[in-house]
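Q: Next comes the sequence, and after it the predicted model I'd like to discuss.
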Amino acid sequence: MQALTYASQGIQGTLTIPGDKSISHRALMIGALAEGQTEIENFLAGQDCLSTLRAFQDLGVEIERQENRVKIQGCGLQGLKAPDHPLDMGNSGTTTRLMMGLLSGTNFATTLSGDEFLQKRPMRRVSQPLAEFGVKIETTPTGTLPLTVYGGPVKAAKVELTVASAQVKSALLLAALSAPGTSVIKELLPTRNHTEIMLRQFGAQLETAADGLTITVKGQPQLKGQKVIVPGDMSSAAFFMVAATIIPHSEITLTNVNLNPTRTGILSILLQMGADITVHETIQEGERRGDLTVRSAKLHGIEIGAPAIPAVIDELPLVALAAACAQGVTEIRGAQELRVKETDRITTMVTLLRQLGVTVQEHPDGMTITGRDAWQVVDPNFDSFGDHRLGMVAAIAALKSSIPMNLKNEDAIAISYPTFFQDLDHLCQKG
Ligand code: S3P
């Protein structure tokens, strides 16, 4: 159990945000599939990305890591070697789902296993559309891990997704790389497009149509090793963006944050709620990036519906926390995907808000939150429930609570942000 900090004087200072988790995973995967060396700078050495790194080492890829620098000797899909044991995906849904697509075109079978949380998460959303590419995957009868991907010839396909998921889309794109001919993948709603951007950087022929939903990809490209400089993770920056907004007397600057529009939903939503955030964009192509200055502000409630969800999917617990300090009511709907994340984030977030004495109504696809000026803590002992993002949301909530708060199962935070408490302390020093 960890004692959490109270920021009586607000938070102040400048912080460089650690590398993006989604981009770090993809740099390892696409680097392994390319010919020649790939160098990754500002790699996120969180547990999830290390699960991806170890999986490729187990597949025979030479990878060296020194802190946040990684060198991969790419060997192409046909250069991967059959592992002699199941690959351990740890807690990582991204590793599992993208690997399901990537391993489709090998000439061997691979079994994937994972921790108790990952074993509960749905995998048919990937295995079913992959069947259209002729790929055979065997899951448990409930469609979960452990599963086996039977690598073999992959055929080009045209697939329409029935769930808004970048992981599913990316799995299909990675499978399509092995297929001779052109594949077409149509999304339900636009989701994060890091796989598309990176595949283009490595030399793949891939186009997104004007509808922003239809992606055409040519199979069997020659991918060439690249240097990838990973921008800071918007999902990590978001914790401090909300903290500085809701705690009076705060002013912070977050540098090197990824500003890919498929990830900036939290920025738009906070601005819509009345936040004071200035954006200074430093790189305007590929994975856009820049610096954000955030000052305390009074928020008001808003309505958030399905089309806005994919760009803010991982930050919705933070939106709920911001809503708990806002004037009026905030309604989040169309967010049923939250139920199949590391935890059921609708239930775990409702639990956390009720511990703070906030009035919240749970819906199958979201929640309605009535904000209040000062919380009336009912239970000061938070639990991450093994969910990294829930743990960090609890730590941000504690900054504003006038009584001492604690966090159980705080270890989960290292899954995506190993230096979170150090970075938070840095911003709280003047407080
Ligand atoms: C991710 C996609 C999202 C997100 C996850 C990372 C990715 O998942 O929640 O944290 O890197 O592609 P879904 O595709 O399931 O929405």
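A: Looks like it came in fine.

Q: which residues does the closest residue to residue 119 other than its chain neighbours contact?
A: Nearest non-adjacent residue to residue 119, counting by CB to CB, 6 or more residues apart in numbering: residue 145, 4.9 Å away. Where C-beta positions appear, they are placed from N, C-alpha and C, glycine not excepted. For residue 145, the contact set (CB atoms under 8 Å, 6 or more residues apart in numbering) comprises 89, 96, 112-114, 118-119, 121, 123, 139.

Q: do the same with residue 217
A: 173, 176-177, 182-185, 199, 204-207.

Q: Report how many residues lie close to the residue nearest to residue 193 when sequence neighbours are not counted.
A: Nearest residue to residue 193, sequence neighbours excluded (CB to CB, 6+ apart): residue 262, at 5.2 Å. Residue 262: 19 surrounding residues under other CB atoms under 10 Å.

Q: I'd say residue 262 and residue 310 touch.
A: Yes: between residue 262 and residue 310 there is a contact under CB atoms under 8 Å: 7.3 Å.

Q: intersection of neighbour lists for those two?
A: Common neighbours of residue 262 and residue 310 (CB under 8 Å, 6+ apart) are 166, 190-192.

Q: what's the first-to-last distance across stretch 95-114?
A: 10 Å (CA to CA, to the nearest Å).

Q: next one: stretch 83-95
A: Stretch 83-95 has an end-to-end distance of 16 Å (CA to CA).

Q: likewise stretch 213-225?
A: 28 Å.

Q: coming back round to it: out of the shared contacts of residue 262 and residue 310, name the ones that lie in helices.
A: Of the positions in those, residue 166 sit in helices, assigned by DSSP state H.

Q: Just the closest of the shared contacts of residue 262 and residue 310 to the ligand, please.
A: residue 166 (3.6 Å; CB to the nearest ligand atom).

Q: ok, that closest one - contacts?
A: 22, 191-195, 262, 310.

Q: go on, residue 264?
A: With CB under 8 Å, 6+ apart, residue 264 has these contacts: 234, 311.

Q: For it, report the pLDDT, please.
A: Note for residue 264: predicted pLDDT of 98.

Q: Ok, residue 126 next?
A: So residue 126 comes in at 98 (pLDDT).

Q: For the helix or strand harbouring it, list every residue counted as buried.
A: If you go by DSSP states H and E, residue 126 is part of helix 124-131. For helix 124-131, the neighbour count (16 or more other CB atoms under 10 Å) marks 125-127, 129-130 as buried.

Q: what residues are up against residue 205?
A: Residue 205 sits in contact with 217-218, 221, where contact means CB under 8 Å, 6+ apart.

Q: got it, and residue 103?
A: 80, 110, 149, 151 are the contacts of residue 103 under CB under 8 Å, 6+ apart.

Q: Of those residues, which pair is most distant in space?
A: 80 and 149 (11.7 Å; CB to CB).

Q: Now do the phi/psi pair for the nearest residue in space to residue 245 that is not next to it in sequence.
A: Once flanking residues are discounted, residue 245 sits nearest to residue 275: 4.8 Å by CB to CB, 6+ apart. Per-residue torsions, residue 275: phi -70, psi 160 (degrees, to the nearest 10).
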